[in-house]
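Okay, sequence plus prediction incoming.
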Amino acid sequence: MRHAVFPFALCLTACGSASAPAPAPQRIALTNLWAQPMTAAADSAAIYMTVTATCPGDDVLEGVSAAAPLKASLHDSAAVDGALQMKPVASIPVACGKPVTLKPMGQHIMLTGIGQRLGIGTKLPLTLRFRTAGEVPATAEITSMAVLEDVNPMHKHMDHSGGAMKGMGNSH
Ligand SMILES: [Cu+2]
């Protein structure tokens, strides 16, 4: 009668966890993903999205990574003396049921180390790390070539490079 036992044995390994009640897992929804270059050279990008955590239970976006040699980090922006400045932040809280929107002039994900000029349609894969939900993969696409002005004085040395003027846009 081994053939009658066999399916049961299969289920012990494949279905065993079904009987163990577990709390509903935290779920994270990422919507409206998009990105734009952050410098005139268009070799770094800011990534934006709306992050929603399901209830119950709040979550915290604690980190982000991208495939080497790209570097991804969480950033916030503030206007200081009329100029936009960005600084790294350790985490971004996401209260359950209250979407958090990463957007220009605000919180965003910074991607550097790209090493080539980005264009419309470039896809940027990332992994977001949440305290409760764990790792959540995401892909943002470059949909705007507008470059925020006065992002960071250290970027100005790139302005002389070929093609940079196109990236600066038509300010008039
Ligand atoms: Cu930034």
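On my side now, so go ahead.

Going by C-alpha atoms from here, please, whenever you check contacts or count neighbours.
Noted.

Angles on the backbone of the nearest residue to Thr143 once chain neighbours are set aside, please.
Leaving aside its sequence neighbours, Thr143 sits nearest to Ile120 (Cα to Cα, 6 or more residues apart in numbering; 5.4 Å). For Ile120, the backbone dihedrals (degrees, to the nearest 10) come out as phi -60, psi 130.

so what pLDDT did Ile120 get?
If you check Ile120, the pLDDT there is 92.

Would you confirm that it contacts Met145?
Yes - the pair Ile120 and Met145 passes the contact test of Cα atoms under 8 Å, sitting 6.9 Å apart.

Which of the helices or strands spans the spatially most central residue of the chain?
The centre of the chain sits closest to Ile109, judged by Cα atoms, centre = their mean, with a distance of 5.1 Å. According to DSSP states H and E, Ile109 maps onto strand 108-112.

What average pLDDT does that strand get?
96.

likewise stretch 147-159?
Here the average pLDDT along stretch 147-159 is 48.

Now do stretch 59-67, average pLDDT.
For stretch 59-67, the mean pLDDT works out to 96.

contacts for that stretch?
53, 71-74, 90-96, 109, 125-133 (Cα atoms under 8 Å, 6 or more residues apart in numbering).

go on, stretch 132-150?
With Cα under 8 Å, 6+ apart as the test, stretch 132-150 has contacts from 25-28, 30, 33-40, 47-48, 59-60, 83-85, 118-130, 167-169.

In strands, which of the residues you listed appear?
Those of these mapping onto strands are 28, 30, 33-37, 47-48, 59-60, 83-85, 123-130, per DSSP state E.

Buried subset of those as a PyMOL selection?
The command below creates a PyMOL selection of those among the ones in strands among the contacts of stretch 132-150 that count as buried (16 or more other Cα atoms under 10 Å):
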select buried, resi 28+30+33+34+35+36+37+47+48+59+60+84+85+124+126+127+128+129+130
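
picking that back up, Ile120 and Met145: who's more crowded?
Met145 (21 against 13; other Cα atoms under 10 Å).

so how far is the ion from the closest residue to Gly119 other than its chain neighbours?
Nearest non-adjacent residue to Gly119, counting by Cα to Cα, 6+ apart: Ile142, 6.7 Å away. Separation of Ile142 from the ion (Cα to the ion, to the nearest Å): 15 Å.

Around the ion, pick out the residues from this protein.
75, 110 (Cα under 5 Å from the ion).
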